[in-house]
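Undergrad: whatever this is, show me its structure:
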Amino acid sequence: MSAIAVDHLVVAADTLDEGVAWCETTLGVSPAAGGRHALMGTHNRLLALACEAYPQAYLEIIAIDPAAPAPGRTRWFGLDERAPGQPPRLIHWVGRSTMLDMHRWGLITLGQPPGDPVAASRDTPQGRLQWQILLRDDGRLACGGALPTLIQWQGGHAADTLPPSGVHLRALTLAGVPRRVRELLRPRGVHFIDAAPGLPALQAVLGTPRGDVALASD
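TA: Numbering: from 1, shown residues only. Sure thing, here's the model as predicted:
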């Protein structure tokens with residue numbers, strides 16, 4: 001079974017404006033336009049991440065879209081459980097698979113059911129982006145967000161038209177992912193460590209115009 005790739009990092013914000021302001025203040029750059037996810041009632045902004053191992057990696061700033069109707073299901077990435085008033089924060093990462101169904105059954109076998117495949121899309125000026133993504137019915141993130149949500153793109157990729165941002169993904173460290181799950185997914189260049197009290201589930205180091213910036217989940 002092929003290894004997964006780091007597709008993108010997920011930063012959640014109460015509002016997209018707050019997320020953009022956080023990006024400009026923390027990383028020293030403004031994110032590019034994203035779009036709306038009608039299926040989930042969310043919207044986003046995107047930032048290309050230069051990474052030798054994963055040339056299509058990017059950072060997604062996501063928030064609930066106040067102009068969208070409530071979705072008919074729990075929103076992805078635990079956004080419905082996010083307490084209001086928190087600053088924007090790294091909460092999760094998404095892994096890109098070319099064998100989504102096989103990875104799904106592998107995780108189920110290991111006692112880490114990732115949810116069912118869901119067809120999603122959003123429109124862009126360059127055309128519609130479409131993908132399959134594994135989503136749990138409860139929307140919760142496993143292993144504190146360190147176990148990735150898996151995605152398989154169908155056609156174009158969200159990073160294909162993103163302008164260079166000058167931000168580099170230097171390191172991604174994940175705590176608490178079971179050993180057999182690591183062996184199944186095998187993302188190259190990702191550092192796995194054991195969970196410990198007070199240790200964030202996710203830590204990322206980004207090279208930015210302001211120097212190296214460390215991001216961490218709760």
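
Undergrad: so L162 touches R45, yeah?
TA: No - when contacts are counted by CB atoms under 8 Å, L162 is not listed as touching R45 (10.6 Å). Where you see a C-beta, it was placed from the backbone N, CA and C, and this is true even at glycine.

Undergrad: so which of the two has more stuff around it?
TA: R45 (22 against 19; other CB atoms under 10 Å).

Undergrad: list residues touching both of L162 and R45?
TA: Shared contacts of L162 and R45 (CB atoms under 8 Å, 6 or more residues apart in numbering): A32.

Undergrad: so how far is the helix or strand hosting L184 from its chain's centroid?
TA: In this assignment (DSSP states H and E), L184 forms part of helix 179-185. Relative to its chain's centre, helix 179-185 lies at 19 Å (CA atoms, centre = their mean, to the nearest Å).

Undergrad: what of stretch 41-56?
TA: 9 Å.

Undergrad: so which bits of that stretch are buried?
TA: Buried residues in stretch 41-56, counted by 16 or more other CB atoms under 10 Å: 41-51, 54, 56.

Undergrad: quick check: the farthest pair among these?
TA: Across the buried residues of stretch 41-56, the longest distance by CB to CB is 31.3 Å; it joins G41 and A50.

Undergrad: biggest helix in the protein, by residue count?
TA: helix 16-27 (DSSP state H).

Undergrad: doesn't G95 lie inside a strand?
TA: Yes - under DSSP: H, G, I helix; E, B strand; the rest coil, G95 falls within a strand.

Undergrad: partner residues bridging it?
TA: Per DSSP bridges, the residues bridged to G95 are V6, L150.

Undergrad: verify the stated contact: it with A146.
TA: No - counting by CB under 8 Å, A146 is not a contact partner of G95; they are 11.1 Å apart.

Undergrad: for the longest helix of the chain, which helices and strands make contact with it?
TA: Helices and strands touching helix 16-27, by 3 or more CB pairs under 8 Å, 6 or more residues apart in numbering; DSSP states H and E, are strand 5-12, strand 42-48, strand 58-64.

Undergrad: again, only using 7 Å
TA: strand 42-48, strand 58-64 (3 or more CB pairs under 7 Å, 6 or more residues apart in numbering; DSSP states H and E).

Undergrad: got the angle between the first one and helix 16-27?
TA: Spelled out, that is strand 42-48. Relative orientation of strand 42-48 versus helix 16-27 (axes from the mean of the first three to the mean of the last three CA atoms, to 10 degrees): 20 degrees.

Undergrad: and strand 42-48, average pLDDT?
TA: Averaged across strand 42-48, the pLDDT comes to 97.

Undergrad: pairing partners for that strand, with directions?
TA: Using DSSP bridges, strand 42-48 pairs in its sheet with strand 32-37 (antiparallel), strand 58-64 (antiparallel).

Undergrad: wait, R186 touches S2, no?
TA: No - between R186 and S2 there is no contact under CB atoms under 7 Å: 8.5 Å.

Undergrad: follow-up on the earlier one: pick the most deeply packed of the strands paired with strand 42-48.
TA: For those, average neighbour numbers computed from mean count of other CB atoms under 10 Å are highest in strand 58-64, which has a mean of 24.
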